[in-house]
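Colleague: Dropping a prediction and its sequence here:
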Amino acid sequence: MTSDSSSALAELERLRASIDNIDAALIHMLAERFRCTKAVGELKARSSLPAADPNREARQIERLRQLARDAHLDPDFAEKFLAFVIREVIRHHEAIAAQANGSH
């Protein structure tokens, strides 16, 4: 193995370790986000509010797109990611509401 190859492999390991740390942080952040949205879903169910809030979702999408642009991340990717998360949150809210209403 050449010195260049050894150097490249060491750099690759360093970068992959950073990626692994970022992935772990993302998972923990998503878990915390879902803990918060669960509380929102429970509040909505107790208050007979709808699971989805299209106006809030539209504001969040635009806010996230701007954050993505500011961070030099593809805003379309950021929107797709948020849309996926929102769909999952709404699914959870609907399940919470159904449980609160006694229909499992």
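Modeller: Cool, got the structure. Residues are numbered from 1 along each chain as shown.
Colleague: which intervals of this protein have sub-threshold pLDDT?
Modeller: Across the chain, the ranges flagged by pLDDT under 70 are 103-104.
Colleague: now the helices for it?
Modeller: Using DSSP state H, the helices of the chain run over residues 3-46, 54-70, 75-100.
Colleague: Out of the ones you listed, which is the most enclosed?
Modeller: A comparison of the helices of the chain by mean neighbour count, using mean count of other Cβ atoms under 10 Å, puts helix 75-100 on top with a mean of 15. Yep, even glycine has a C-beta here, placed from its N, CA and C like the rest.
Colleague: by contact count, what packs against that helix?
Modeller: On a contact count with 3 or more Cβ pairs under 8 Å, 6 or more residues apart in numbering; DSSP states H and E, helix 75-100 meets helix 3-46, helix 54-70.
Colleague: Quick one, which of those helices gets closest to V89.
Modeller: Closest approach to V89 among the helices and strands packed on helix 75-100 is made by helix 3-46 (4.6 Å; Cβ to Cβ).
Colleague: chain center to the closest one, what's the gap?
Modeller: 10 Å (Cα atoms, centre = their mean, to the nearest Å).
Colleague: and the angle from it to helix 75-100?
Modeller: Put simply, helix 3-46 runs at 40 degrees to helix 75-100, going by axes from the mean of the first three to the mean of the last three Cα atoms, to 10 degrees.
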